[in-house]
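Colleague: Quick check, what structure comes out for this input:
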Amino acid sequence: MKENIEINGIRDSDILDFLERFNLLETFNNGQLKCNCCGEVITMKNIGGFFIQNSKLFAFCDQVECLDYGVLNYGH
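Modeller: Below you'll find the model as predicted:
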């Protein structure tokens, strides 16, 4: 049986605009935005996801463990 999987994509420019809204673009561009789980520097190649809680942005790299942590602690 075939399973459908939904994948949402986003353009690089949309990510940069998103980071700018949270005043994190300069931090990202300077290599200082880190995964809230493992501390890995977030780059365009390893962005896993973002969660927003109480108007604060939490960034996570693409490691499964980090994304799981984000969902458990910041997901709704």
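Colleague: Contacts only, for the spatially most central residue of the chain.
Modeller: In the chain, the C-alpha nearest the mean C-alpha coordinate belongs to Gly49, at 2.7 Å (CA atoms, centre = their mean). Gly49 is in contact with 59-60, 67, 70, counting by CB atoms under 8 Å, 6 or more residues apart in numbering. Where you see a C-beta, it was placed from the backbone N, CA and C, and this is true even at glycine.
Colleague: tell me the phi and psi of it?
Modeller: Main-chain dihedrals, Gly49, degrees, to the nearest 10: phi 180, psi 170.
Colleague: And the one 3 residues further on, by the same measure?
Modeller: With angles defined as degrees, to the nearest 10, Ile52 shows backbone torsions of phi -120, psi 130.
Colleague: what's the burial count for it?
Modeller: 11 (other CB atoms under 10 Å).
Colleague: that older thread, which one of the contacts of Gly49 is nearest Cys35?
Modeller: Phe60 (5.3 Å; CB to CB).
Colleague: Pull the number of nearby residues for that closest one.
Modeller: Phe60: 26 neighbours (other CB under 10 Å).
Colleague: And the helix or strand containing it, what does it pack against?
Modeller: Using DSSP states H and E, Phe60 sits within strand 56-61. Secondary-structure packing of strand 56-61 (3 or more CB pairs under 8 Å, 6 or more residues apart in numbering; DSSP states H and E): strand 47-53, helix 64-74.
Colleague: Dump the ones you listed into JSON lines; add distance to Leu33 and mean pLDDT as well.
Modeller: Shown next, in JSON lines, are those (distance: least, CB to CB, whole Å; pLDDT from 0 to 100):
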{"stretch": "strand 47-53", "distance to Leu33": "9", "mean pLDDT": "92"}
{"stretch": "helix 64-74", "distance to Leu33": "13", "mean pLDDT": "94"}
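Colleague: Of the ones you listed, which is nearest Leu24?
Modeller: Comparing the helices and strands packed on strand 56-61 by CB to CB, strand 47-53 comes nearest, at 9.7 Å.
Colleague: in the closest one, what counts as buried?
Modeller: Neighbour-count burial for strand 47-53, counted by 16 or more other CB atoms under 10 Å, picks out 47-48, 50-51.
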